[in-house]
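Q: Dropping the sequence and predicted coords here.
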Amino acid sequence: MMGSNKFRVFIMMLGIAVGVASLTMVICVSKGAYEEVMDTVNRQGPDLLQVRPGTDKHTGLPSGSREVVSLIEEDADAIFQHVGNIRAVSPVKDRKEIEVKYEDKFTLTRVFGVNPVWSEIRDFGPLRGEFISDEDVSFSARVCLIGQTVKRNLFADKDPIGETIRIKDVPFTVKGELQWKGISAEGRDRDDRIITPFTTYTRRLFRDIHLTQIVITVEDPDKMSKTVEDVRTLLRERHKIAPGEPDDFAMRTPQDLISLASEASRSLINLLTGIAAVSLLVAGIVITNIMLASISSRKNEIGIRRAFGAKKGDILNHFVMECFLIAIMGGIFGTILGYGGSITLSVLKVAASKITLLALAASIVSCAVIALVFGIYPAKKAANQNPVDALRA
């Protein structure tokens, strides 16, 4: 059949390839999402706690949302002074889509106002140059650090340190370059940002008093749950929230980050899983129908083999092996397509993906199962052909 019915073989391989490609993408996306989340958690550490404005239903709002305001700098100070198990606290302000200019170039980016300890908390130090100092905060110095995306947009290959950029038409001296950070679990470019001293941000750029978030590191991550409750109790008292009323803030732990990223990728994984399952089922049905149709055109071949001493088992094994080889070839082609699709999803930033040999192993196993489950019935029918009737066909 493989040599004389190339079109039938192609259709069988194509059906399997589509299902295997979907299965491969499911595995690669799942692996990529898991590794990205764990990498993010490892970078930030298991001791990071973030407090953002908004009730629990606003937990997913991006940093810098202007929809909810509830946190102020004094809240951050109170947490550091009155809550146990706290190692460091930094208030954070930021706004996105802020125009920044350098000579005849400009870009829109996110601008942050932070304290020096923020670098330690978020593991976000300079690649070159120096980070913000306590002196910069004390004097509201017009200095900044730029992310690698901002550097590329404004300076290309030129050394930015010591150069003057204009943020909202206010001149700032570039003090350093931030480390490469890549894409966050929420799909945000973490290199597209500028860091300024907290007081400079507040006094020279944006005069609102409300914070985008408060970032905290705890002394003992095993006591994170208690620390979360202590922070919640303190902020509810400070914000005069009555019993039974919802919080006007939301807290995020590393475990919450894992859940958030898992939820974001789950819908895509479910879609691909459904496509893979349906495609593999359809591929199996196509294999069965094509093999049954081919039996009638190969009756004479079956009769001749039986006349020369081939047993039923030999015919059965022959047809199953043909089905198996077609399934494996379709599986290899589908795996290549799946790898290509996974890379495309990653490049387009639709989902993180990780090329893994597990996908190839799963493809081989699934193809073997398809060959056995959907090929055994046609193979048995071919083996049970009456030799005399087959020779007359």
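A: The structure has been received and is ready for your questions. None of the values given here were measured: they were computed from a predicted structure. Numbering: from 1, shown residues only.

Q: Only C-alpha atoms from now on, for both contacts and neighbour counts.
A: Will do.

Q: And the pLDDT for Ser279?
A: Predicted confidence (pLDDT) for Ser279: 76.

Q: Make sure it is indeed in a strand.
A: No. Secondary structure of Ser279 (DSSP: H, G, I helix; E, B strand; the rest coil): helix, not part of a strand.

Q: Contact partners for it?
A: Contact partners of Ser279, counting by CA atoms under 8 Å, 6 or more residues apart in numbering, are 15-16, 18-19.

Q: Restricted to helices, list the residues you listed.
A: Secondary structure from DSSP state H places 15-16, 18-19 of the contacts of Ser279 in helices.

Q: Using CSV, lay out these together with pLDDT and neighbour count.
A: Formatted as CSV, the ones in helices among the contacts of Ser279 follow (pLDDT from 0 to 100; neighbours: other CA atoms under 10 Å):
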residue, pLDDT, neighbour count
Gly15, 80, 23
Ile16, 84, 33
Val18, 84, 25
Gly19, 82, 31
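
Q: Can I get the residues you listed in TSV including distance to Asp157?
A: Putting these into TSV (distance: CA to CA, whole Å) gives the following:
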residue	distance to Asp157
Gly15	49
Ile16	48
Val18	44
Gly19	45
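
Q: Next, report how far stretch 79-94 is displaced from the centre of its chain.
A: 29 Å (CA atoms, centre = their mean, to the nearest Å).

Q: Would you mark the buried spots in it?
A: 79-80, 85-86, 88-94 (16 or more other CA atoms under 10 Å).

Q: Which members of these are the farthest-apart pair?
A: Among the buried residues of stretch 79-94, the pair separated by the greatest distance (CA to CA) is Asn85 and Asp94, at 26.8 Å.

Q: which stretches of the stretch 51-200 of the chain form strands?
A: 86-102, 105-114, 126-129, 143-146, 164-167, 170-178, 193-197 (DSSP state E, counting those that start in this stretch).

Q: what's the nearest residue to Tyr201 if we skip its chain neighbours?
A: Nearest non-adjacent residue to Tyr201, counting by CA to CA, 6 or more residues apart in numbering: Gly113, 5.1 Å away.

Q: looking at it, the one you found is touching Arg204, isn't it?
A: No. Assessed by CA atoms under 8 Å, Gly113 is found out of contact with Arg204, at 10.8 Å.

Q: more crowded one of these two?
A: Ranked by neighbour count (other CA atoms under 10 Å), Gly113 and Arg204 place Gly113 first, with 25 against 14.

Q: partner residues bridging Glu177?
A: Legend: beta-bridge partners of Glu177 under DSSP bridges are Arg128, Ile146.

Q: Do you know the pLDDT at it?
A: 95.

Q: residues contacting it?
A: Glu177 touches 126-129, 145-148, 151, 160-161, counting by CA under 8 Å, 6+ apart.

Q: any idea how far Gly162 is from it?
A: Applying CA to CA, to the nearest Å, the value for Glu177 to Gly162 is 11 Å.

Q: Figure out how far the helix or strand hosting Val231 is from the centre of its chain.
A: Using DSSP states H and E, Val231 falls within helix 224-238. Relative to its chain's centre, helix 224-238 lies at 31 Å (CA atoms, centre = their mean).

Q: cool, stretch 322-333 as well?
A: For stretch 322-333, the distance to the chain centre is 31 Å (CA atoms, centre = their mean).

Q: ok, now stretch 191-209?
A: Here stretch 191-209 is found 30 Å from its chain centre; the criterion is CA atoms, centre = their mean.

Q: What of stretch 212-231?
A: Distance, centroid of stretch 212-231 to centroid of chain: 26 Å (CA atoms, centre = their mean).

Q: got the buried residues for that stretch?
A: 212-219, 221, 224, 227-228, 230-231.

Q: Turn those residues into CSV, columns for pLDDT and distance to Leu49.
A: Compiled in CSV, the buried residues of stretch 212-231 are given as follows (pLDDT from 0 to 100; distance: CA to CA, whole Å):
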residue, pLDDT, distance to Leu49
Thr212, 92, 14
Gln213, 93, 10
Ile214, 95, 8
Val215, 94, 6
Ile216, 94, 5
Thr217, 92, 6
Val218, 92, 8
Glu219, 91, 11
Pro221, 87, 10
Met224, 90, 8
Thr227, 93, 9
Val228, 93, 8
Asp230, 95, 12
Val231, 94, 10
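
Q: Can you tell me which of those is nearest His318?
A: Pro221 (61.3 Å).

Q: quick one: contacts for the closest one?
A: Shown in contact with Pro221 (CA under 8 Å, 6+ apart): 46-47.

Q: Please apply the same query to Leu23.
A: Per CA under 8 Å, 6+ apart, neighbours of Leu23: 272-273, 276-277, 338, 359, 363.

Q: Now, of those, which are buried?
A: Counted by 16+ other CA under 10 Å, those give 272-273, 276, 338, 359, 363 as buried.

Q: Need those in JSON lines (columns: distance to Thr200 and secondary structure).
A: Converted to JSON lines, the buried ones among the contacts of Leu23 look like this (distance: CA to CA, whole Å; DSSP: H, G, I helix; E, B strand; the rest coil):
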{"residue": "Leu272", "distance to Thr200": "48", "secondary structure": "helix"}
{"residue": "Thr273", "distance to Thr200": "50", "secondary structure": "helix"}
{"residue": "Ala276", "distance to Thr200": "54", "secondary structure": "helix"}
{"residue": "Gly338", "distance to Thr200": "49", "secondary structure": "helix"}
{"residue": "Ala359", "distance to Thr200": "51", "secondary structure": "helix"}
{"residue": "Ser363", "distance to Thr200": "57", "secondary structure": "helix"}
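
Q: which one of the contacts of Leu23 sits closest to Phe308?
A: Using CA to CA, these come closest to Phe308 at Ser363, 37.2 Å.

Q: buried residues in stretch 361-377?
A: Buried residues in stretch 361-377 (16+ other CA under 10 Å): 362-364, 366-368, 370-372, 374-377.
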